[in-house]
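Undergrad: no sequence for this one, just the structure:
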């Protein structure tokens, strides 16, 4: 553990991320969100995708808008879990505007294509529910799944 701390102190992105994870989950250390955040922010500042995604998850409890910004950043760093979490967050916000549903389907589908298998089930379930109410809307959303990124 001491070697990990030394490496993190001297700027090792991997060590910063690993220490952030240890503190986030409380593995071999006392769980501390503030210490986890410190290390994850250091790694995320270097655009280390897994740190950006985890930092978003840490922020979600207090500030969903900040979490979504982080997940969007992670998604643009090609992090499938950021894509999935961003899509799920847009799904939760679909009652705030129809464009959120399109963004949710887009990011969840991208997460599925990038290896998050459970995202496919979420996309299919939601498209089936939409198709029962508005078949034309479901078709429009399916077309948008392969379209360029929606206005984000």
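TA: The structure has been received and is ready for your questions. Nothing here was measured: the structure is a model prediction, and the numbers come from that model.

Undergrad: which residues of this protein score low on pLDDT?
TA: 94-98, 133-134, 141, 143-152 (pLDDT under 70).

Undergrad: could you redo the last one with a cut-off of 90?
TA: Low-confidence regions of the chain, defined by pLDDT under 90, span residues 1-2, 4-5, 7, 61, 91-106, 108-109, 112-113, 116-152.

Undergrad: helices of that one, residue ranges please.
TA: 2-9, 13-25, 33-44, 49-59, 64-76, 80-92, 98-113, 117-133, 135-144 (DSSP state H).

Undergrad: in a markdown table, list those along with mean neighbour count.
TA: C-beta coordinates here come from the backbone N, C-alpha and C atoms, glycine included. As requested, those are exported to a markdown table (neighbours: other C-beta atoms under 10 Å):
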| stretch | mean neighbour count |
| --- | --- |
| helix 2-9 | 13 |
| helix 13-25 | 20 |
| helix 33-44 | 20 |
| helix 49-59 | 24 |
| helix 64-76 | 20 |
| helix 80-92 | 23 |
| helix 98-113 | 22 |
| helix 117-133 | 14 |
| helix 135-144 | 14 |
